[in-house]
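1. here is a sequence with its predicted model. Questions after.
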Amino acid sequence: MAATSSKSVLFVCLGNICRSPIAEAVFRKMATDAGVVDKWRIDSAATSTYEIGNPPDYRGQACMKRHGVPMRHVARQWVIDSGATSDWNIGSSPDARGLSCLRKHNIETRHRARQVTKEDFMSFEYILCMDESNLSDLKRKANSVKNYKAKIELLGSYDPQKQLIIKDPYYGSDEDFETVYEQCVRCCKAFLEANS
Ligand SMILES: N#Cc1ccccc1-c1cc(NCCCN2CCCCC2)c2ccccc2n1
């Protein structure tokens, strides 16, 4: 019987196509390799609406492939999608229990960029973001949510090499994506250790 999700983390960046999907994929692989992924609800989201519905940036996907880190994106030949009859959960990610079931049966789900929701501030224990702009956007959004529980922090605050900011690589090169990857590896490792 899979353990219930006792921990939860939402990685956030500006568009949810570059930095936060990399952080999510790196952390999910680390938690899987440590045998604790079933204890975690892991997701990523954007502070902006720039890229809602879009897959992770191809440069980030290439970086993950180089490092053998599975990403929830599945390149698609067919345009297969799903939808709801209600507006109850617009912008939310699939239910954690469903994702866990799919993962158990080794069925990949593809990540699509989504914006952080008020519900996220109530349901995630940690919301870890990449730079000061993300942090101020998140704190402003959180202020409109009564009794929210999330600890809103910079992912870089866990970096043993003290690189506090994970810079936006959107206008950058493959090397900039490599730097994002290396920072995410250091920070996610320290964050997992701090929560084990
Ligand atoms: N903004 C900024 C910015 C400033 C400095 C460095 C990077 C970026 C930057 C720009 C992006 N999209 C281009 C502008 C989008 N449009 C801006 C005006 C509203 C309509 C949308 C990004 C998209 C996805 C992920 C990260 C991104 N980051």
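-> Okay, I see it.
2. low-confidence regions, this structure specifically.
-> Along the chain, segments meeting pLDDT under 70 span 1-5, 73-84, 88-109.
3. and the helix of greatest length in it, which residues are buried?
-> Secondary structure of the chain read by DSSP state H shows that its longest helix is helix 174-194. By neighbour count on 16 or more other CB atoms under 10 Å, the buried set for helix 174-194 is 176-192. For glycine as for every other residue, the C-beta is placed from the backbone atoms N, C-alpha and C.
4. now stretch 26-41
-> Neighbour-count burial for stretch 26-41 [16+ other CB under 10 Å]: 26-31, 36-41.
5. can you put those residues in a markdown table and add distance to the ligand and secondary structure?
-> Below are the buried residues of stretch 26-41 laid out as a markdown table (distance: CB to the nearest ligand atom, whole Å; DSSP: H, G, I helix; E, B strand; the rest coil):
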| residue | distance to the ligand | secondary structure |
| --- | --- | --- |
| Val26 | 18 | helix |
| Phe27 | 19 | helix |
| Arg28 | 20 | helix |
| Lys29 | 22 | helix |
| Met30 | 24 | helix |
| Ala31 | 25 | helix |
| Val36 | 30 | coil |
| Val37 | 26 | helix |
| Asp38 | 30 | helix |
| Lys39 | 30 | helix |
| Trp40 | 25 | strand |
| Arg41 | 24 | strand |
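6. for the residue of the chain found nearest the ligand, give me its contacts.
-> Closest residue of the chain to the ligand, CB to the nearest ligand atom: Gly15 (2.5 Å). Residues near Gly15 by CB atoms under 8 Å, 6 or more residues apart in numbering: 46, 48, 50-51, 113, 170.
7. now, of those residues, which are buried?
-> The neighbour-count test (16+ other CB under 10 Å) marks 46, 48, 51, 113, 170 as buried among the contacts of Gly15.
8. where does the fourth one fall, secondary structure wise?
-> I take that to be Ala113. Under DSSP states H and E, no helix or strand contains Ala113.
9. re the thing from before, and the buried ones among the contacts of Gly15 near the ligand, which?
-> 51, 170 (CB under 6 Å from any ligand atom).
10. and the buried ones among the contacts of Gly15, which is closest to Ser133?
-> Ser48 (9.9 Å; CB to CB).
11. in contact with the closest one, which residues?
-> By CB under 8 Å, 6+ apart, the contact set of Ser48 is 14-15, 115.
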